[in-house]
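[1] Below are the sequence and a predicted model for it; my questions follow.
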There are 2 protein chains.
Amino acid sequence: MSFAPHGNHLIAGEVVASPDRFTSAPADGAGLSVAEGGAAEVDRAVAAAEAAFEVFGWTSRDDRAALLDRIADAIEARGPDITAIGTRETGLPPARLEGERGRTTGQLRLFASHIRDGAYLDRRHDAALPDRTPPRPDIRMIQRPIGPVAVFGASNFPLAFSTAGGDTASALAAGCPVVVKGHPAHPGTGEIVAQAIAEAVRASGLPGGVFSLIQGSTRDLGAALVQHPLIRAVGFTGSLGAGRALFDLCARRPEPIPFFGELGSVNPMFLLPAAMAARAEAIATGWAGSLSLGAGQFCTNPGVVVTLSGGEADRFTAAATQALSAVPAQTMLTDGIAAAYRAGRDRVAATAGVREVLTSVCDRRNATPYVFETTGADWLANRDLGEAVFGPLGIIVRVADADEMLAVARSLHGQLTATIHHDAGDLDLARRLMPVLERKAGRVLANGYPTGVEVCDAMVHGGPYPASTNFGATSVGTMAIRRFLRPVSYQNMPETLLPEDLR
Amino acid sequence: MSFAPHGNHLIAGEVVASPDRFTSAPADGAGLSVAEGGAAEVDRAVAAAEAAFEVFGWTSRDDRAALLDRIADAIEARGPDITAIGTRETGLPPARLEGERGRTTGQLRLFASHIRDGAYLDRRHDAALPDRTPPRPDIRMIQRPIGPVAVFGASNFPLAFSTAGGDTASALAAGCPVVVKGHPAHPGTGEIVAQAIAEAVRASGLPGGVFSLIQGSTRDLGAALVQHPLIRAVGFTGSLGAGRALFDLCARRPEPIPFFGELGSVNPMFLLPAAMAARAEAIATGWAGSLSLGAGQFCTNPGVVVTLSGGEADRFTAAATQALSAVPAQTMLTDGIAAAYRAGRDRVAATAGVREVLTSVCDRRNATPYVFETTGADWLANRDLGEAVFGPLGIIVRVADADEMLAVARSLHGQLTATIHHDAGDLDLARRLMPVLERKAGRVLANGYPTGVEVCDAMVHGGPYPASTNFGATSVGTMAIRRFLRPVSYQNMPETLLPEDLR
């Protein structure tokens, strides 16, 4: 490995140390000594971001697109180093990190082309009607960037949902400087990606304050960042507990700001009878693959399946158990995530009416899949079963009939995704389920598996609470830029005073 | 007056009484005995709204457009009765209420044509790429209605921002049932408009739960409504204190919901030197008219002007004082608003460095304009001067130079509007002000006055806090519908299971 991280912050292009330090706990090798950021580093980074916004917020779309392309290039130039340190820190295999790097640079380039196109500006013009009573003035509208944005990276996507992930890419595309709170599980990966961004900012001739990375492992750091008066919005991917705490801080500010948090989901799959009769084993195998992919550490991991009890359910459970029992132990992202996985497994196992179908092991940081079964009635009586367990844990809910399947659907919390497996004979039941699932999830799938979130124009990676804290937003796909824009109207404004994109 | 209000709730098309009642305090004549709603009425109305959503949320756009047109027709059919009771309750003159009725029905018909057009659905389609590695699924996106919406009417627009105002019109257009918390200052006006809506709902063959009006005068009623678990969003126009309290309740719910509050603004006007040299008196007269229109009871009332000290400022103040001293006393909307106006006047008058220029009177419910002057330095030292006083009260801030004018601009809270009066010689200063004002306000005007909010596609009636609680939204114009929609993606979904608008 040629990249040797210094373990410090990167604030407005400068390496900054802190007196306090923590030691990271990588999956492989010795920990890294990392600067522990706090209120002072937040002040410095956000002040630089605010100053940078006075330039960056008025750059041309072409200039920002060039910045995004340069960041992608700079990340690719560091590809082998990123994979080397990323693998050590997260335990994810090299192929996964290489794929995720492609997703990350693809996302940056997609936002570059999205802003070059300009449709996202949603420009509107109501021309003056001087002869109307009363006369109508000339009114033009455009979407403008909001100012400095705070981003909290996720542990499970150290590239695509972290330092230069979708939140950062969409905020920079909008014209908003970004202050990233680095994830303590991958500080070295964060540092090398931050260097790539800082290099691109310099090469673009932009102020260094356009981007900062503050390292740290404390809740106080995150709290200071979201409460800074000059931060205008927050992008977050992580746990319900941490996310809700930050959401509450944002809402309680003297001047509240939006908190765009993506907090997890059990991503239920509804297996309809004709589809099950035709291919219970194939669906079970597909489910097993989606459930155990990446040690089940995906927000869209399908942790719950709902099926009619009976012979098809028996076939499904047998095939799923067989496939999942062949999955080798996989390294989880952090000791804390592995501990939470064990605690979640114990909570599910201790719930009345729940039966363990596949017993497995989860030692310090390695996990294999667990499978449980319960009845629709027990599910409906134990609302806690609907809380996500992060990891390869599946619950099969056997319902008595179609009405109970609908009742289970209605009982769901908000979800990132919901899936129906159906065949031609299932259309009546599918038609009853669709209006319920549409209200529960940001994305509804037919005959597929929810892991694999396409980065495109039509993607919604969000949904009702707690899947996200803001059901109107997505954190993946081009619509993610909307979170960091606000509409402004200009009335009878001479062209010379209008924003460049309105002239 | 042929309309005799019964003073009860109208819940899902049925007249409902409550054991507790309050007596309204109209500007003219005897008070009305009005039912005092509470948690029981909220439960009943919201349950009916949720049940109605299962039909209404899947109606065609044509059917909802027909409903909106019918509501407009039913309001017009009651025109003289609405003006008669509205005048008595609010003290607003008949011509104003007739104009506001036209604005209200125009708004309803505008949303009808807006949804017939369908562009608001923002339909997107990323077609499948089966040969890509990995294959891309077919993904379609559309904006869908969110479910039952709570609306709080404003006292100052008893028609256009109340029972059938912009919040109600945009929510119904989206496909969301509405529960209105009636304003206690105009319960009879609210009742007759609610009857018009209920008649249109019946004539459209829709479930009664599509619309309910709950009367009441207590904070508990509003609190129960925004905390009801089946309410998905809130539209509100009113005071900062009441609005922030409801915002906080929405944020603290187990499942937080968006609160779209429009909470007031001082709408600063910046008078640039060349414009002042050319036409200080004309600007002063225009300002006086905008400031005192409707007893200054507009959210966009320009309560603050900022100008360079010196001879032009003297000319401006003299002309404004002359124009405003000729304004007769006007009836304010409620006793409480008149009392708050007096308290605001006393607060401003007691601030260090503030001098009263036009002394006036405000008895029980009648007000004339007040004008104060202060320096830029005193303004910057007294941030409370930036808090809105609802009524015809103006503060003239005399700044030492252009830099101090910019400092005052930077010191502003979030605003609904900000205005520049400029001439050709002012362009350099105007260019320095624009980026500051753009960040402070939802609408920036040149050489005009902010009262008079056009209902159109390009309008933004919103802005940074406290002008609104959600800087990404507008409560006026067709973009207001976005508040009540959420994006949903459909992956590999057969056409027969897609929402009608995606087929």
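    Cool, the structure landed.

[2] tell me which parts of the stretch 101-250 of chain A are close to chain B?
    A:124-126, A:134, A:136-137, A:139-141, A:144, A:146-147, A:247-248 (Cβ under 8 Å from any Cβ of the partner chain). Using the backbone N, CA and C atoms, a C-beta is placed for each residue, glycine as well.

[3] Can you flag the buried ones in those residues?
    A:124, A:126, A:136, A:137, A:139, A:140, A:141, A:144, A:146, A:147, A:247 (16 or more other Cβ atoms under 10 Å in any protein chain shown).

[4] what are the phi and psi angles of residue A:129?
    The phi/psi pair for residue A:129 (degrees, to the nearest 10) reads phi -120, psi 80.

[5] For residue A:157, see how far away residue A:193 is.
    Per Cβ to Cβ, to the nearest Å, residue A:193 is found 12 Å from residue A:157.

[6] and which of the residues of the stretch 101-250 of chain A next to chain B is nearest residue B:496?
    residue A:124 (35.4 Å; Cβ to Cβ).

[7] Return the distance of the closest one relative to residue A:141.
    Distance from residue A:124 to residue A:141, by Cβ to Cβ: 4 Å.

[8] Report the set of residues contacting both of the two.
    B:457, B:458 (Cβ atoms under 8 Å, 6 or more residues apart in numbering or on different chains).

[9] do stretch A:274-284 and chain B meet?
    No - no part of stretch A:274-284 sits close enough to chain B to count as contact by Cβ under 8 Å from any Cβ; the gap is at least 12.5 Å.

[10] Quick one: residues in contact with that stretch.
    With contact meaning Cβ under 8 Å, 6+ apart, stretch A:274-284 is reached by A:271, A:307-308, A:312-313, A:315-320, A:323, A:421-426, A:447.

[11] Which stretches in the stretch 201-350 of chain A count as helices?
    For the stretch 201-350 of chain A, the helices defined by DSSP state H, counting those that start in this stretch occupy A:219-227, A:240-252, A:273-292, A:311-325, A:335-349.

[12] what do you get for the stretch 351-500 of chain A?
    With helices called from DSSP H, counting those that start in this stretch, the stretch 351-500 of chain A shows them at A:376-381, A:402-411, A:427-440.

[13] List the buried residues of the helix or strand hosting residue A:104.
    In this structure, residue A:104 is located in helix A:94-117 according to DSSP states H and E. In terms of neighbour count (16+ other Cβ under 10 Å), helix A:94-117 has its buried residues at A:96-98, A:100-105, A:107-112, A:114-115.

[14] and that helix, C-alpha only, in PDB?
    Coordinates of each C-alpha in helix A:94-117 appear next as PDB, following Å, rounded to 0.1, in the frame of the first residue of the first chain:
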ATOM      1  CA  PRO A  94     -11.600  -5.800  -3.100                       C
ATOM      2  CA  ALA A  95     -14.100  -6.600  -5.900                       C
ATOM      3  CA  ARG A  96     -16.900  -5.000  -3.900                       C
ATOM      4  CA  LEU A  97     -14.800  -1.800  -3.300                       C
ATOM      5  CA  GLU A  98     -13.800  -1.600  -6.900                       C
ATOM      6  CA  GLY A  99     -17.500  -1.900  -7.900                       C
ATOM      7  CA  GLU A 100     -18.400   0.700  -5.400                       C
ATOM      8  CA  ARG A 101     -15.700   3.000  -6.600                       C
ATOM      9  CA  GLY A 102     -17.200   2.800 -10.100                       C
ATOM     10  CA  ARG A 103     -20.600   3.600  -8.600                       C
ATOM     11  CA  THR A 104     -19.100   6.600  -6.800                       C
ATOM     12  CA  THR A 105     -17.300   8.100  -9.900                       C
ATOM     13  CA  GLY A 106     -20.300   7.300 -12.000                       C
ATOM     14  CA  GLN A 107     -22.500   9.200  -9.600                       C
ATOM     15  CA  LEU A 108     -20.200  12.200  -9.700                       C
ATOM     16  CA  ARG A 109     -20.200  12.200 -13.500                       C
ATOM     17  CA  LEU A 110     -24.000  11.700 -13.700                       C
ATOM     18  CA  PHE A 111     -24.500  14.800 -11.600                       C
ATOM     19  CA  ALA A 112     -22.000  16.700 -13.900                       C
ATOM     20  CA  SER A 113     -24.100  15.800 -16.900                       C
ATOM     21  CA  HIS A 114     -27.400  16.500 -14.900                       C
ATOM     22  CA  ILE A 115     -26.400  20.000 -14.100                       C
ATOM     23  CA  ARG A 116     -25.000  20.700 -17.600                       C
ATOM     24  CA  ASP A 117     -28.400  19.800 -18.900                       C
END
